[in-house]
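In: no sequence for this one, just the structure:
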């Protein structure tokens, strides 16, 4: 609200940015700030699509698929501050976890239990040996 008011004062009354920021208490850095889109939005969308179609794939296998599609993936993380499109494994893992994409583990199959067979009686000495603890 204050930002819009300061911008209006600059344009309507031909004030400098410094004077407008002083009259309407707002930081000058706030007036100069320009919002930038996340350069990795397209990657987020594609990663969600791949993870939806291949539920059992983790971030490493999805990274291989992204490389095959032409995304540049490096061994080291890229620098989002500079705005490089070169991504690293850690960047893909970070996006993977931020999007809440986890590999769904399959339930283990219940194995049929062996039926217990009672031990037979010894017919002669040294026929059956057993230990009792």
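Out: Done, it's in. Just so it is clear, the model here is predicted, and its values are computed rather than measured.
In: Tell me the first helix or strand C-terminal of the lengthiest helix in the chain.
Out: In terms of residue count, the longest helix belonging to the chain (DSSP state H) is helix 41-53. Going down the chain from helix 41-53, the next helix or strand is helix 59-69, by DSSP states H and E.
In: The helix or strand containing residue 94 - contacts with which helices or strands?
Out: Secondary structure assignment for residue 94, by DSSP H and E: helix 89-98. Under the contact definition 3 or more CB pairs under 8 Å, 6 or more residues apart in numbering; DSSP states H and E, helix 89-98 sits against helix 41-53, helix 59-69. Heads up, the C-betas are built off the backbone N, CA and C, glycines and all.
In: Could you check the longest one and say which residues are buried?
Out: It stands for helix 41-53. 43, 46, 47, 50, 51 (16 or more other CB atoms under 10 Å).
In: next one: the last one
Out: By neighbour count, with 16+ other CB under 10 Å as the criterion, the buried positions of helix 59-69 are 59, 62, 63, 65, 66.
In: Double-check that residue 6 belongs to a strand.
Out: No: counting by DSSP: H, G, I helix; E, B strand; the rest coil, one finds residue 6 to be helix, located in no strand.
In: Thank you kindly, that will do.
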